[in-house]
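**Q** sequence and predicted structure are below.
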Amino acid sequence: MDDRSYSYDPVGAGAPVNQQAYRMEAGQLWRQYVIAAVANIAVASTGYSMGWTSPVNVKLNNTEESPLPHPITTDQGAWVGSLLTVGAIFGPFIGGLAASKIGRKWGLLSSAIPLFLGWILVAAATNIGLIYGGRICWGVAVGMIFAISPMYCAEIATDESRGALGSFLQSFITVGFLLVYGIGPFVSYSVVAYVGVIFVGVFAIGFFFMPETPTYHLTKNNREAAGECLATIRGRSLAAVQPELDKLEAEVKAAQAKTATIADVFRGGNFKAFYISCALVFFQQFSGINAVLFYMTDIFQAAGSSLDSSIATIIIGAVQLIASCITPFVVDRLGRRILLLISSCGTAIGLGLLGMYFMLAASDNPVVEKLGFLPILSLVVFIVTYCWGLGPLPWAVMSELLPIEVKAIASPIATAFCWLLSFLITRYFSTIAEAVGMFTAFWIFGICCVCAFFFTLFLVPETKGKSFTEIQDMLAGRSSKLEKA
């Protein structure tokens, strides 16, 4: 008898198996990336919906292209832009409930319903009320997807690839933005809507064939389904995933031993995870990303650019996409904190320069003529560094920090908080900018980015390569009892 480790087949056949051979079984890492990519087609669809106003607002002000009998007013345009965020405030609670009751997969798949409904209302719109209704439906879907998608990706990922999969959200949302920026100005109002319907259909059909997360099956005490699911995701045999399944089951059982209520969110390590998550989404929104994108045309005009505004928007969309695609490749090497620090520093610099330019322009300073390049440079610096950290990582960090037992309660609250902030900024930024000056508004956002830098430096823990149990031990201030897998 040699010294290799033998035991019995975990599926119950009773035959001795070589556990060491199973542990050395190579798996297929690409599977979890493909599954996460298919799940994030929903995110890309929301990006298409969110960016819809950029090319379509022009059409709604042109009676020849608009489905409405009259051009929309400035106030109606503001509501069309902001009502999506109103729906998104309520969507996370629907998504959180669906994720815990019917599963992460079916909860995410059900977000296609309000997306489809929204596109039907928008495509059939003959009055502004139908467009309002469609935007609210999209918002509900956005809230659901932003609550469930990071959860789904975190639960199918290995510890080493969790950061990359978590940052898919920002990459895929920019795909949606770029698509609507690219086709919107050059096709009719109806064609934009039809492409949106097709986009949702591609997600619904593709994701239907994807697996549920092992964690959800274990919360329902279905170890067999969890094992089969994990084997599919890892591309390994059922026996080979047993050590990981055992570890995951122990984590889930430990979480289930605690009956989570809203009060539990505000206790101990749970509260630390919660306030860090809320602070990161606060800094994400108060980096001013929505305001900067809203005033993008004005910024190009201020620079004296001869580029058509629709072409300029496509270029910025491409810059967003390229910058967002960098994060998945480096986040699990560099870590979350260093990217958040670089991002908050870069966005602060971009906003500071942007504010300085608009201040000089407002005072008719002659030096402005020599700084025509500055608005575009500032905009590129801001968007690139935002896409490296403040854009994707608050969602990834939230999915890692919140423990299983409170995730279904805390994640929707934090996500709804994010969209409430987004609504306030989208709806009232122009009013505030007129009152205090656009440069002052940009500087306020810049100060928030500086605060984000120091908050990350002193309070955000590094989660790179750590298991969920190790992260919870770190938040609670105790040494982890589990070794890394």
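**A** Great, that's in hand.
**Q** next, the buried residues of stretch 237-256.
**A** Of the residues in stretch 237-256, 238-242, 244-245, 247-249, 251-252, 255 count as buried by neighbour count, 16 or more other Cβ atoms under 10 Å. Backbone N, C-alpha and C define where each C-beta goes, glycine included.
**Q** CA-only coordinates of that stretch in PDB, if you can.
**A** Extracted in PDB, the C-alpha atoms of stretch 237-256 (Å, rounded to 0.1, in the frame of the first residue of the first chain):
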ATOM      1  CA  SER A 237     -15.500  16.300 -11.800                       C
ATOM      2  CA  LEU A 238     -17.900  16.200  -8.900                       C
ATOM      3  CA  ALA A 239     -15.400  14.500  -6.700                       C
ATOM      4  CA  ALA A 240     -12.700  17.100  -7.500                       C
ATOM      5  CA  VAL A 241     -14.900  20.000  -6.200                       C
ATOM      6  CA  GLN A 242     -15.700  18.300  -2.900                       C
ATOM      7  CA  PRO A 243     -13.100  20.200  -0.800                       C
ATOM      8  CA  GLU A 244     -14.300  23.500  -2.200                       C
ATOM      9  CA  LEU A 245     -17.900  22.500  -1.700                       C
ATOM     10  CA  ASP A 246     -17.200  21.400   1.900                       C
ATOM     11  CA  LYS A 247     -15.600  24.800   2.600                       C
ATOM     12  CA  LEU A 248     -18.500  26.700   1.000                       C
ATOM     13  CA  GLU A 249     -21.100  24.600   2.900                       C
ATOM     14  CA  ALA A 250     -19.400  25.400   6.200                       C
ATOM     15  CA  GLU A 251     -19.500  29.100   5.400                       C
ATOM     16  CA  VAL A 252     -23.200  28.900   4.500                       C
ATOM     17  CA  LYS A 253     -24.100  26.900   7.500                       C
ATOM     18  CA  ALA A 254     -22.300  29.300   9.800                       C
ATOM     19  CA  ALA A 255     -24.200  32.200   8.100                       C
ATOM     20  CA  GLN A 256     -27.500  30.300   8.400                       C
END
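**Q** tell me the mean pLDDT for it?
**A** For stretch 237-256, the mean per-residue pLDDT is 86.
**Q** tell me how far it lies from the chain's centre.
**A** 27 Å (Cα atoms, centre = their mean, to the nearest Å).
**Q** that older thread, format the buried residues of stretch 237-256 as CSV; extra columns: distance to residue 35.
**A** Below are these laid out as CSV (distance: Cβ to Cβ, whole Å):
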residue, distance to residue 35
238, 18
239, 21
240, 18
241, 15
242, 21
244, 16
245, 17
247, 20
248, 17
249, 21
251, 21
252, 20
255, 23
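**Q** all helices for the stretch 151-300 of the chain, in order.
**A** 162-166, 168-183, 189-208, 214-219, 223-234, 242-256, 262-265, 268-285, 289-294, 296-302 (DSSP state H, counting those that start in this stretch).
**Q** err, the stretch 301-450 of the chain, not the other one
**A** 309-334, 336-362, 374-388, 393-401, 404-436, 438-459.
**Q** so which of those is the most packed in?
**A** helix 393-401 (a mean of 27; mean count of other Cβ atoms under 10 Å).
**Q** returning to that earlier point: and the helices of the stretch 151-300 of the chain: which comes nearest residue 452?
**A** With Cβ to Cβ as the criterion, residue 452 lies closest to helix 268-285 of the helices of the stretch 151-300 of the chain, at 3.7 Å.
**Q** and the closest one, what does it pack onto?
**A** helix 262-265, helix 393-401, helix 404-436, helix 438-459, helix 468-476 (3 or more Cβ pairs under 8 Å, 6 or more residues apart in numbering; DSSP states H and E).
**Q** can you list contacts of it?
**A** 264-266, 340, 344, 390-391, 393-394, 397-398, 401-403, 406, 410-411, 413-415, 417-418, 421-422, 425, 448-449, 451-452, 455, 459-461, 472, 475-477 (Cβ atoms under 8 Å, 6 or more residues apart in numbering).
**Q** now do stretch 223-235
**A** Stretch 223-235 is contacted from outside by 10, 27-32, 35, 156, 158, 211-215, 217-218, 237-238, 240-242, 244-245, 248-249, using Cβ under 8 Å, 6+ apart.
**Q** at 6 Å instead, please
**A** Residues from elsewhere that reach stretch 223-235 (Cβ atoms under 6 Å, 6 or more residues apart in numbering): 27-28, 31-32, 156, 211-212, 214, 217-218, 238, 241, 245.
**Q** filter those residues down to the buried ones.
**A** Among the contacts of stretch 223-235, the ones that count as buried (16+ other Cβ under 10 Å) are 27, 31-32, 156, 211-212, 214, 217-218, 238, 241, 245.
**Q** tabulate the residues you listed (JSON lines), appending distance to residue 437.
**A** What follows is the buried ones among the contacts of stretch 223-235, written out as JSON lines (distance: Cβ to Cβ, whole Å):
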{"residue": "27", "distance to residue 437": "57"}
{"residue": "31", "distance to residue 437": "52"}
{"residue": "32", "distance to residue 437": "48"}
{"residue": "156", "distance to residue 437": "47"}
{"residue": "211", "distance to residue 437": "53"}
{"residue": "212", "distance to residue 437": "52"}
{"residue": "214", "distance to residue 437": "53"}
{"residue": "217", "distance to residue 437": "55"}
{"residue": "218", "distance to residue 437": "55"}
{"residue": "238", "distance to residue 437": "64"}
{"residue": "241", "distance to residue 437": "59"}
{"residue": "245", "distance to residue 437": "59"}
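**Q** quick check, nearest of the residues you listed to residue 106?
**A** residue 212 (7.8 Å).
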